[in-house]
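*Asks:* Here is a sequence together with a model predicted from it:
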Amino acid sequence: DILVDGKVCDCDAVVTCQVGDPVPLQVKLTNWSKHSVGPFALTMMPYQDYQNGVHNYELQDAITFVGSNTFHIDAVKPAKDSVYFGALLFLYTGDFYLNIKFHEDNSSRELPLSWLCLPSVHIRATEPVA
């Protein structure tokens, strides 16, 4: 589950926020299997989609994270949740997307890391209301 500004996100909806206001993010990983899973790393990466196949990830002048954009998850027990909190601060108006990835964080494996990517979250940063 992904919550942006306290609202559950759906990949078809656009979340609107105001420039200059921190936007709370919450990502909840639920283990529905019968076994513990982990360790994982959760990474959140904002980008702009230019609608021509180009994604701009160089947004350090437009967006900043309050806290970290990467979290380490040791293990999630069966039927339990692991919840991670952060916030984004938009410095300019525009349409932005948030790429959320979980990947195995186990260096003892000989196989390549496997990734689980959630649908991108669409966030529209608008001018503050006067």
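*Replies:* Thanks, I have it. Residues are numbered from 1 along each chain as shown.
*Asks:* Do I have it right that residue 91 meets residue 65?
*Replies:* No. Assessed by C-beta atoms under 8 Å, residue 91 is found out of contact with residue 65, at 12.0 Å. Glycine gets a C-beta too; all of them are placed from N, C-alpha and C.
*Asks:* Sketch out the low-pLDDT regions of the chain for me.
*Replies:* 11, 105-117, 130 (pLDDT under 70).
*Asks:* What are the boundaries of the strands in it?
*Replies:* Ranges of strands within the chain are 2-4, 7-8, 14-18, 22-30, 40-49, 55-56, 63-66, 70-73, 81-90, 94-104, 115-117, 121-126, based on DSSP state E.
*Asks:* how about the ones you listed in TSV, adding mean neighbour count?
*Replies:* TSV is the format used below for the strands of the chain (neighbours: other C-beta atoms under 10 Å):
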stretch	mean neighbour count
strand 2-4	19
strand 7-8	10
strand 14-18	15
strand 22-30	18
strand 40-49	18
strand 55-56	12
strand 63-66	16
strand 70-73	15
strand 81-90	17
strand 94-104	17
strand 115-117	11
strand 121-126	19
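*Asks:* And the closest residue to residue 31 other than its chain neighbours, how close does it get to residue 3?
*Replies:* Spatial nearest neighbour of residue 31, excluding adjacent residues (C-beta to C-beta, 6 or more residues apart in numbering): residue 76 at 4.2 Å. Using C-beta to C-beta, to the nearest Å, we find residue 76 at a distance of 18 Å from residue 3.
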